[in-house]
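1. What follows is a predicted protein model with its sequence.
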Amino acid sequence: MGAPGAPVTTGSAGAPPPRPSVALREPPSLTQKSRHIGERIIESGIFVVATLSIIFIFLIFLFVFREASPIFFGSKQNADTAVVKMYELPPGLDPQEGKATPPPAASGGSSEQEVYNPETGSAPGAHKDSAGATAPAAGVKNDSGTPSARPGGSSEQEVYNPETGSAPGARKDSSAPATAAPSAGKGDSGTAAVKAGGKDNQEVYNPETGSAPGGTKDSSTAAAAPAAADTSQHAKDSLARLIVGNDYPILEHDSPVKLSYLLYDNWQPNSDHPRYGIYPILLGTLKTTLIALLFACPIAILAALYTAFFAPRRLRETIKPVIEILAGFPSVVLGFFCLMTVASIVQSVFGTEYRLNAVVGGIGLGLAVIPIIYTISEDALRAVPKSLREAALALGATEWEAAYKVMLPAATPGIFAAVLLGLGRAVGETMIALMATGNAGTFSLNFFEPVRTFAATIGAEMGEVVVGSPHYQLLFLLGVILFVFSFGINLVTEFYVKAKLIKKFRGAE
Amino acid sequence: MSTTKKAIIGFFALRIPLIFTLLIVAVIVVIIGNFLIVGGGHISWEFLTTEPRNMNTEGGIFPAIYGTVLLVLIMTLAAVPVGTITAIYLTEYARQNSWLARTIRFAVNTLAGVPSIVFGLFGLGFFIQTVGAQIDRVNWNQTMSTFHASLETRQSPVAGGKIATIDEVQKYLESSKEYDWKEQISSLSTFPRGTDARVNDDIVMRFMDDKVSLKWGKPGLIWAAFTLALLTLPVVIVSVEESLKTVPKDIRAASLALGATKWETIRKVVIPNSITGILTGSILAIGRGAGEVAPILFTGAVYSLQGLPSSLSDQFMHLGYHLYILSTQSPDVDAVRPLQYATTLVLLALTLALNFTAILLRSHIRRRQITS
């Protein structure tokens, strides 16, 4: 066997080159040509696989962004799915039609919103029919299904019906209005919302909306509808205001979300009237990342300095693999360690009110980041030409002066890259943040209060969200933000840092 | 600067890095020791081979071990060959400074830095919602054409545009001996206008069209494994590339000079000489994949399971996910404490075993390089 991987340096010119482990070839034979074709196939196969794996790399952003795109470009998809399919026989086909479904009662509540009146004909016929179609099913089980036909493109007002989101059934069905009626049949109160791509320039809350279609759909409750619904609507209105506060638009779980809804300081996607303020998550991520870097950078860089310059050779060769073991720890194990041990230590040292807080999470993230910063910094320090250190020592500098004042500055771009990569890891790390930060979406500058990060928000909420709902799109938007952030970091390390490194060492050589 | 001051600074400048280094090592020792001492006492044969009982507060973790191993195996089968081939392409075929090679390297580096949770989102958005949903749709359309044909037979109450109630349709389907329409019958009972509504075949078909039965378009073992494979792909590519590069150019040149073609050189010279490095890199990458939980949070892992996963589309239990659920969402915190530590120990043992294998292999390579 030949000796592979012998370091090929100009210094070892005396030793003969290692012998390759290839048998001498037979002279070209008749099989030459067919083998050639086989090789062609193999080589094109290699090319195809490589291309495919690279295409996948670019697909990632595309598909994470695609799921979040309705936030940016309006929900065309929603308008498509909102077309309720009719499961009713065309009129005149069935001789027993009149007996099966009672004709819709005349509009009970004298609604001034003509768009909600199915009789006016301003809404397309399909919508009228669907409101009628869902009514009997909801009425049979005697529950409050609320089919509300929303204004078509002609109106500039998007009206939110407070009843639609208040029931758990509505939340489940919000993504697919077509399935709302079955759940109403099971006893939940469902909602068939017919949205015809209305422009939502303004959000107006209208207490009448619930009563108008309610009066038309169900003959048994038609009489009670106007008065009773009116008061309950007002009560719900003030309750909703209590939940979301005065400045935040009253949202439902299926109302389309605009980017401007993100600029508030409360993240409560699961409450009755969800709030999607992104500030607490942003601040939480900043806090934990800051603590992680403040904790990890000094330790990792100085440890790298020690292993690179001060440690005896044998010790160095033990320490490096040992620290790399830390990189091999699953993050969920580190998270559990923080949850059990670090949290107790931090609480007994600082006497904090909350057991899990930004500091505990930050230390946990720091533990995950240390091996990354350490390994890359050590490589960067070792890559600085030895001549620099020798020159400094020859000029009378002590060992530590040479290390701190000559070698460390020379390796700055590499260490900077290490810190940047550590930053990327700290921001994107999920399990530690999920387990050790407390996950509270409140806005606070105190470092000893529970926080919630981008990654932890996605990890905690994505499992329970309705596919295609605004909340789902927002979680994907958070993913897009994370992706763009890590991409930016990589861009900086790739171009800025490498260019700087090359420039620096070209000067040094 | 006076000499004493300099000596004092020097004292600290030399000691602090040493202390920090020892601190890191101490933390590692504490973590491992902590889990070894507390968790070690609860590891038993029964714990490793039985299923969890009583809402995960008693019993063992066998399904989680089984799921983890299965996941890692499928992930390895997907990631290692593709990664190795890509690395071979990058080192042997692509011209080193062409824009293509540089773009690919940049893409690989970017992929290595993407947070693991984003891979989970990608797995959900691409594998489950796009690929899986398409497979389901195609299968469903096939089923539906058979279904339509059976609705159009002579015995059918809705054949040829006749009108009947849903009840009658259901009864007819139950009597069908040729096919098993259980699923369809149960979804027909959720018909929005009730089961006594009068319909024709057109409406039944329109209603059934939305009731796609999800097999691949939901979280499952294979999608989780593919997501993890994508996560480990850049690690495999980079480390295999490194080890391929350690084969000296002279050897390649010698092989080519002896008349070997490029592929023969790769197959008989480059790969045999770097196989240990390829293995090391692959094992390290697998070790990373085995411990990742974030990408499988919503691509297939569940915290309790009836029986072991039998198909690639089944959901599965995972050691890391099990630990996460045990430690954050358990109904009885004190009862599960020993289970948490023991589960952690098993997970840690699995990943560290992979890591140690890689380290041993690597030191073996280094020794060989030094002696030659």
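-> Cool, the structure landed.
2. Show the model's pLDDT score for residue A:359.
-> Per-residue confidence (pLDDT) for residue A:359: 92.
3. buried set for stretch B:310-329?
-> The neighbour-count check on stretch B:310-329 (16 or more other Cβ atoms under 10 Å in any protein chain shown) flags B:313-328 as buried. For glycine as for every other residue, the C-beta is placed from the backbone atoms N, C-alpha and C.
4. ok, how many other residues are close to residue B:354?
-> 22 (other Cβ atoms under 10 Å in any protein chain shown).
5. And it, how far from chain A?
-> 8 Å (Cβ to the nearest Cβ, to the nearest Å).
6. Specify which member of the buried residues of stretch B:310-329 is nearest to chain A.
-> Distances from chain A to the buried residues of stretch B:310-329, taken as Cβ to the nearest Cβ, are shortest for residue B:320 (4.3 Å).
7. Surely residue B:5 is in a strand?
-> No: counting by DSSP: H, G, I helix; E, B strand; the rest coil, residue B:5 falls outside a strand, being helix.
8. For stretch A:361-379, which residues meet the burial criterion?
-> For stretch A:361-379, burial by neighbour count (16+ other Cβ under 10 Å) applies to A:361-378.
9. ok, how many other residues are close to residue 343?
-> I'll assume chain A. Look at residue A:343: counted by other Cβ under 10 Å, it has 24 neighbours.
10. actually chain B
-> Using other Cβ under 10 Å: residue B:343 sits among 30 other residues.
11. The helix or strand harbouring residue A:333 vs chain B: in contact?
-> Assigned by DSSP states H and E, residue A:333 belongs to helix A:331-337. Yes: Helix A:331-337 is in contact with chain B by Cβ under 8 Å from any Cβ of the partner chain, via A:331, A:332, A:333, A:334, A:335, A:336, A:337.
12. Surely the third one is in contact with residue B:344?
-> Read that as residue A:333. Yes: assessed by Cβ atoms under 8 Å, residue A:333 is found in contact with residue B:344 at 5.5 Å.
13. Also within reach of chain A: list those from the buried residues of stretch B:310-329.
-> Contacts with chain A within the buried residues of stretch B:310-329, counted by Cβ under 8 Å from any Cβ: B:320, B:321, B:323, B:324, B:327, B:328.
14. quick one: which helix or strand includes the most centrally placed residue in chain B?
-> Centroid-nearest residue in chain B, with Cα atoms, centre = their mean: residue B:225, separated by 2.9 Å. Secondary structure assigned from DSSP H and E places residue B:225 in helix B:221-245.
15. Which elements pack onto that helix?
-> Applying 3 or more Cβ pairs under 8 Å, 6 or more residues apart in numbering or on different chains; DSSP states H and E, one finds that helix B:221-245 contacts helix A:32-73, helix B:62-88, helix B:99-113, helix B:116-122, helix B:271-291.
16. Convert the C-alpha atoms of the shortest one to PDB, please.
-> Once non-C-alpha atoms are left out, helix B:116-122 reads as follows in PDB (Å, rounded to 0.1, in the frame of the first residue of the first chain):
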ATOM      1  CA  SER B 116     -31.500  24.100  11.600                       C
ATOM      2  CA  ILE B 117     -35.000  25.300  12.200                       C
ATOM      3  CA  VAL B 118     -35.100  26.800   8.700                       C
ATOM      4  CA  PHE B 119     -34.400  23.400   7.400                       C
ATOM      5  CA  GLY B 120     -37.400  22.200   9.300                       C
ATOM      6  CA  LEU B 121     -39.500  24.900   7.600                       C
ATOM      7  CA  PHE B 122     -38.100  23.900   4.300                       C
END
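17. quick one: average pLDDT of it?
-> Here the average pLDDT along helix B:116-122 is 92.
18. rewinding a little: in terms of pLDDT, where does the residue nearest to the centre of chain B sit?
-> Per-residue confidence (pLDDT) for residue B:225: 95.
19. before we move on, back to that, any idea which helix or strand comes after the helix holding residue A:333?
-> As assigned by DSSP H and E, the chain's next helix or strand after helix A:331-337 is helix A:343-350.
20. That following helix and chain B in contact?
-> No: judged by Cβ under 8 Å from any Cβ, helix A:343-350 stays clear of chain B, getting no closer than 10.7 Å.
21. so residue B:362 touches residue B:280, yeah?
-> Yes: assessed by Cβ under 8 Å, residue B:362 is found in contact with residue B:280 at 5.1 Å.
22. Neighbour count: the two, which is higher?
-> It is residue B:280, of residue B:362 and residue B:280, that has more neighbours when counted by other Cβ under 10 Å, with 24 against 19.
23. Would you mind confirming that that one makes contact with residue B:240?
-> No: in terms of Cβ under 8 Å, residue B:280 does not count as a neighbour of residue B:240; the distance is 9.5 Å.
24. Residue B:70 contacts residue B:309, doesn't it?
-> Yes: at 6.9 Å, residue B:70 and residue B:309 qualify as touching, with contact defined as Cβ under 8 Å.
25. what residues do these two have in common as contacts?
-> Listed contacts common to residue B:70 and residue B:309 are B:221, B:316; contacts here mean Cβ atoms under 8 Å, 6 or more residues apart in numbering or on different chains.
26. Report the set of residues contacting both of residue A:333 and residue B:344.
-> Residues touching both residue A:333 and residue B:344 (Cβ under 8 Å, 6+ apart) are B:35, B:323.
27. what stretches of the chain score poorly on pLDDT?
-> The chain I'm using is chain A. Within chain A, the stretches with pLDDT under 70 are A:1-35, A:74-254, A:504-509.
28. could you do chain B instead?
-> B:1, B:177-178, B:369-372.
29. which residues in it form strands?
-> Ranges of strands in chain B, per DSSP state E, are B:52-53, B:58-59, B:164-165, B:198-199.
30. Go through those strands and name the closest to residue B:99.
-> strand B:52-53 (53.4 Å; Cβ to Cβ).
31. Appreciated, that's everything.
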